[in-house]
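S.K.: This is the structure alone, sequence omitted:
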């Protein structure tokens, strides 16, 4: 059994060792509080800048402050999808369970980010442009991204065999990641063709430095949050899927 | 190549034995398009405006109906497993199935669309554009749909899930296809739409058969 | 920047929109980790029960 790992003679062994759930589980456990601390740090800093440093907007008054949550959640929803597809692809190529579990852990977070982006977008649009929803390219693409997330989650939930669910989800995620630019471009095209909302939600006010800083800090906060919750969820998924292994039974949490 | 043609012939033969299945999808197309005027009202100007969107959405939904038949029957009786194990390249067999699906589900839509278009009082040039966009677009629908059909094989609630998975992917085809007809009806140039539809078709033909094949293999193992 | 707390909460008239946005954001950021923790506790409980069942099995066979 000790000769199973053929890569034991080069640096690759470290990475593949990390892909074993039994090695990753305790490591993730140690990292989680660290990322929560960073979440709190960036969150406090971001909210401080958003509410107490960034000046009032000439056109939109105090209401524009919603961008400090709308824009970061939009960025995160797209970023998480790419990361999720990356892990899913790794799982497909190297046949590692943990990579697929990571993709599974990230999906709900991304879906919530997309939902929050749509919600805050609606609450920003209503006072500014008079409608809860406008069919502009960004919002519509965000809605479709939410559908893609929900499809991924639904597919994995409905396939009983865990490995088949991993691989099927991976294919779906990869097809999705290729299609997102196509969909965005086509929605933009559609928007201009039908001369949709004459005022676009994408025309942000001229960005003051402080506004950019606020959005950046909030984005970092959400990013750290994503990592923290993803690590938490992947640990739970590991326990669920590796329930019959020895190392799980030997865990402190289980034996006491 | 022979494998591909044999697969196409086989699937067509199977459909011919149960013609009602193919006809129900077509019937669905006709019924759905007829529902909209009933729901919206018979204002001719309004109908002319919404016709491209309605006919295209109805085409999407009819294709989805037909997709359930692409792999499911063969999966259920074990034929699909034999196809995967056969010495013929699975890509050719899957492509053959997709072509057969298009002939049964997509091509009739192309031929039937002008009739529906007349119901909505579209002018003749728009009817030509409608047929052309459907002719370019329905193969893409069959191709993309095969991915969803393969991924949800044997899954509980698979058909509904498949629709949920595929419909977002259909959106670009819908936008360019319906957009072309609308653009034509207001006198704008449609060459851009057709180039994009053509590009989508070429891309889909180049990549999707391999993706669907991978999905079929995952479902079988 | 803000002359009083009530001015801060009023957000220049946009209070509903700003606070519903940030409020839901905060809610999600709190509830999601909590649901993960509940899921975690559920699986650990299940594992403990399985372990106990096995031990019981072993003892009853001896």
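M.R.: Looks like it came in fine. Just so it is clear, the model here is predicted, and its values are computed rather than measured.
S.K.: okay, CA-based contacts and neighbour counts for the rest of this
M.R.: Fine.
S.K.: State the helix or strand in which residue 115 lies.
M.R.: Assuming you mean chain A. Element membership for residue A:115, per DSSP states H and E: helix A:97-129.
S.K.: think we crossed wires, I meant chain B
M.R.: Judged by DSSP H and E, residue B:115 forms part of helix B:107-119.
S.K.: now residue B:129
M.R.: helix B:124-151.
S.K.: Let me know the next secondary structure element after that helix.
M.R.: Assigned by DSSP H and E, the successor of helix B:124-151 is helix B:158-185.
S.K.: Give me the buried stretch members for that next one, please.
M.R.: B:158-159, B:161-185 (16 or more other Cα atoms under 10 Å in any protein chain shown).
S.K.: filter the residues you listed by proximity to chain A?
M.R.: B:161, B:164, B:165, B:168, B:169, B:171, B:172, B:175, B:176, B:179 (Cα under 8 Å from any Cα of the partner chain).
S.K.: Let me have the residues you listed in JSON lines, extended by pLDDT.
M.R.: JSON lines is the format used below for these (pLDDT from 0 to 100):
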{"residue": "B:161", "pLDDT": "94"}
{"residue": "B:164", "pLDDT": "92"}
{"residue": "B:165", "pLDDT": "94"}
{"residue": "B:168", "pLDDT": "94"}
{"residue": "B:169", "pLDDT": "94"}
{"residue": "B:171", "pLDDT": "93"}
{"residue": "B:172", "pLDDT": "93"}
{"residue": "B:175", "pLDDT": "93"}
{"residue": "B:176", "pLDDT": "94"}
{"residue": "B:179", "pLDDT": "91"}
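S.K.: Helices along chain A, start to end?
M.R.: Taking DSSP state H as the criterion, chain A carries its helices at A:12-18, A:21-48, A:67-94, A:97-129, A:137-158, A:162-193, A:209-241, A:246-249, A:252-255.
S.K.: Measure how the fifth one sits relative to helix A:97-129, angle-wise.
M.R.: Same thing as helix A:137-158. Angle of helix A:137-158 versus helix A:97-129, following axes from the mean of the first three to the mean of the last three Cα atoms, to 10 degrees, is 150 degrees.
S.K.: taking the mean pLDDT, what do you get for helix A:137-158?
M.R.: Here helix A:137-158 scores 93 as its mean pLDDT.
S.K.: Would you mind finding the longest helix in chain C?
M.R.: Per DSSP H, chain C has its longest helix at helix C:15-61.
S.K.: on contacts alone, who are the packing partners of that helix?
M.R.: helix A:67-94, helix A:97-129, helix A:209-241, helix A:252-255 (3 or more Cα pairs under 8 Å, 6 or more residues apart in numbering or on different chains; DSSP states H and E).
S.K.: Can you get me a residue count around residue A:250?
M.R.: Around residue A:250 there are 11 other residues, counting by other Cα atoms under 10 Å in any protein chain shown.
S.K.: okay, it: pLDDT?
M.R.: Checking the pLDDT column for residue A:250, the value is 85.
S.K.: For it, what are phi and psi?
M.R.: phi -90, psi 0 (degrees, to the nearest 10).
S.K.: What distance do you get for it to chain B?
M.R.: Computed with Cα to the nearest Cα, to the nearest Å, the distance linking residue A:250 and chain B is 32 Å.
S.K.: now do residue A:85
M.R.: Taken as Cα to the nearest Cα, the span from residue A:85 to chain B is 15 Å.
S.K.: Identify the residue nearest that residue in space, chain neighbours excluded?
M.R.: residue A:173 (5.2 Å; Cα to Cα, 6 or more residues apart in numbering or on different chains).
S.K.: State the distance from that neighbour to residue A:251.
M.R.: 33 Å (Cα to Cα, to the nearest Å).
S.K.: Would you mind telling me which of the two has the busier surroundings?
M.R.: The residue with more neighbours, out of residue A:173 and residue A:251, is residue A:173; 26 against 12, by other Cα under 10 Å.
S.K.: Run through the residues that contact that one.
M.R.: A:81, A:84, A:85, A:88, A:152 (Cα atoms under 8 Å, 6 or more residues apart in numbering or on different chains).
S.K.: 10 Å instead, please
M.R.: Each residue near residue A:173 by Cα atoms under 10 Å, 6 or more residues apart in numbering or on different chains is listed here: A:81-82, A:84-89, A:103, A:107, A:148-149, A:151-152, A:167, A:179.
S.K.: Kindly report the same for residue B:23.
M.R.: Contacts of residue B:23 by Cα under 10 Å, 6+ apart are B:15, B:29, B:66, B:104, B:105, B:108.
S.K.: Of those, which is the nearest to chain A?
M.R.: Closest approach between the contacts of residue B:23 and chain A, by Cα to the nearest Cα: residue B:66, at 20.1 Å.
S.K.: Kindly provide the distance from that closest one to residue B:27.
M.R.: 12 Å.
S.K.: How many residues are close by the closest residue to residue A:72 other than its chain neighbours?
M.R.: Nearest residue to residue A:72 in three dimensions, chain neighbours excluded: residue A:219, at 4.5 Å (Cα to Cα, 6+ apart). Residues near residue A:219, counting by other Cα under 10 Å, number 25.
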